[in-house]
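Trainee: structure, please.
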Amino acid sequence: MINLLIVDDEELNLRIIEESLEGSGYILTKATNGMQAWEILIQRKIEFAAIILDRLMPELDGIEVLKFIKSDRTLRDIPVILQTALNSHTEVIEGIESGAFYYLTKPYSKKLLISIVNSAVDTYFRLKKAKEELALSKKVMRYLSEGVFFISDFSDVLELAPVLSNTYPEPNKVLTGIMELMNNAIEHGKLEIGFDQKKIWQEEDRYNEEIHKRLLLPEYNQKIIKVIYEKKENEIHLWIEDFGKGFDFSIIQKKSSQEENLFLSSGRGILIATTISFDKVIYHGNGSLVEAISYISQANMKSSNT
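Mentor: Numbering: from 1, shown residues only. All right, here's what the predicted structure looks like:
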């Protein structure tokens, strides 16, 4: 059983979501305002794999609830889909900086909602698995100063990302960013899936199916992703190279494009990496090589190793 929490102060909107997800196999818990949603969450009686949260509500609005969720150690990993009629650049960036998984603008199609919810649930369980691996590798990885690794599919990401994140002062902060950049290298570099094609597959709810098909094709299954890690005195550098055709990475440096990318889940990972997980993200060459930099202090490194 996979549980979702849906939160909206308008009964009609709750019914629309409920009807849209009917037959998808999810168990829905409803809340009619932010305070009620928060009370349900802090009872911790139900494990929610995703939350659909209205942006504008009385008493406690969606952003406030989102911030509460992301500040709670047991709730912060639940993907939160913000839904709203507000789509200004300021509102969108506020949402992503507060930890939103996706910013869904009303009105939206049933297919899009199902696709985003499925993606959020998949992300929740991937991250949950990665966090389990994180605990296992913590003591050993404190000694790593540099290394070269090769990955080829998403199962490799689930194994390597937790290992590398345990070398950082704040493993949980960088884990999602490392996973997103590695997944991006597999999707767009190795498998050569364009952003437009990914969007179509997601809207038709067959993205995972198509990914698995392509991973088996001979023209793709032999390709590898190279990962280089280096820890310096005050910095940690992570390079991920997919040897693919690259992309025009200048678009992600434009604020107007950041807003658009947030609506397209294909650009969500890059936004997380650049705004939350790392201090600096640099694309080199044709965009097939990305460098993620985290600035550290010796005090932070010592505290993370205790």
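Trainee: CA atoms for contacts and neighbours, from now on please.
Mentor: OK.
Trainee: just the strands from the stretch 101-250 of the chain, written as ranges.
Mentor: Using DSSP state E, counting those that start in this stretch, the strands assigned to the stretch 101-250 of the chain run over residues 102-105, 146-151, 225-231, 235-241.
Trainee: can you check which of the ones you listed gets nearest to Glu187?
Mentor: strand 225-231 (10.8 Å; Cα to Cα).
Trainee: what strands flank the closest one, and is each parallel or antiparallel?
Mentor: Applying DSSP bridges, strand 225-231 is found paired with strand 146-151 (antiparallel), strand 235-241 (antiparallel).
Trainee: name the stretch among the strands of the stretch 101-250 of the chain that sits most buried.
Mentor: Highest mean neighbour count among the strands of the stretch 101-250 of the chain (mean count of other Cα atoms under 10 Å): strand 102-105, with a mean of 23.
Trainee: so what does that one touch, helix or strand wise?
Mentor: Judged by 3 or more Cα pairs under 8 Å, 6 or more residues apart in numbering; DSSP states H and E, the packing partners of strand 102-105 are strand 80-84, helix 89-97, helix 255-263.
Trainee: gap between the shortest one and the chain center?
Mentor: Just to be clear, that refers to strand 80-84. Distance, stretch centre to chain centre, for strand 80-84: 14 Å (Cα atoms, centre = their mean, to the nearest Å).
Trainee: what strands flank it, and is each parallel or antiparallel?
Mentor: strand 48-54 (parallel), strand 102-105 (parallel).
Trainee: was I right to think Asp205 contacts Ile114?
Mentor: Yes - applying Cα atoms under 8 Å, one finds Asp205 in contact with Ile114, separated by 7.3 Å.
Trainee: could you list the low-pLDDT ranges of the stretch 51-200 of the chain?
Mentor: For the stretch 51-200 of the chain, applying pLDDT under 70 flags the ranges 86-89, 134-141.
Trainee: which stretches in it count as helices?
Mentor: With DSSP state H, counting those that start in this stretch as the criterion, the stretch 51-200 of the chain has helices at 62-71, 89-97, 110-141, 154-165, 171-184, 195-203.
Trainee: list the buried residues in the fifth one.
Mentor: For helix 171-184, a neighbour-count test (16 or more other Cα atoms under 10 Å) marks 171-172, 174-184 as buried.
Trainee: mind putting these into JSON lines with distance to Ile69?
Mentor: Putting those into JSON lines (distance: Cα to Cα, whole Å) gives the following:
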{"residue": "Pro171", "distance to Ile69": "19"}
{"residue": "Asn172", "distance to Ile69": "15"}
{"residue": "Val174", "distance to Ile69": "18"}
{"residue": "Leu175", "distance to Ile69": "18"}
{"residue": "Thr176", "distance to Ile69": "16"}
{"residue": "Gly177", "distance to Ile69": "19"}
{"residue": "Ile178", "distance to Ile69": "22"}
{"residue": "Met179", "distance to Ile69": "21"}
{"residue": "Glu180", "distance to Ile69": "21"}
{"residue": "Leu181", "distance to Ile69": "24"}
{"residue": "Met182", "distance to Ile69": "26"}
{"residue": "Asn183", "distance to Ile69": "25"}
{"residue": "Asn184", "distance to Ile69": "26"}
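Trainee: picking up where we left off before, would a markdown table of the strands of the stretch 101-250 of the chain with distance to Ile46 be doable?
Mentor: Shown next, in a markdown table, are those (distance: least, Cα to Cα, whole Å):
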| stretch | distance to Ile46 |
| --- | --- |
| strand 102-105 | 22 |
| strand 146-151 | 35 |
| strand 225-231 | 38 |
| strand 235-241 | 37 |
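Trainee: okay if I get the strands paired with strand 80-84 as JSON lines plus distance to Leu28?
Mentor: Conversion of the strands paired with strand 80-84 to JSON lines gives the following (distance: least, Cα to Cα, whole Å):
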{"stretch": "strand 48-54", "distance to Leu28": "9"}
{"stretch": "strand 102-105", "distance to Leu28": "18"}
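Trainee: indicate which one of the ones you listed is closest to Ser250.
Mentor: Of all these, strand 102-105 comes closest under Cα to Cα, at 22.1 Å.
Trainee: quick one: that closest one to chain centroid distance?
Mentor: 14 Å.
Trainee: kindly report the same for stretch 52-69.
Mentor: Its chain's C-alpha centre and that of stretch 52-69 lie 19 Å apart, by Cα atoms, centre = their mean.
Trainee: stretch 95-115 now?
Mentor: 13 Å.
Trainee: what residues does that stretch touch?
Mentor: For stretch 95-115, contacts defined as Cα atoms under 8 Å, 6 or more residues apart in numbering pick out 20-21, 24, 63, 66-67, 70, 79-87, 92, 116, 120, 202-205, 262-263, 265, 268, 272, 275-276.
Trainee: need the contact list for Gly287.
Mentor: Contacts of Gly287 by Cα under 8 Å, 6+ apart are 245-249.
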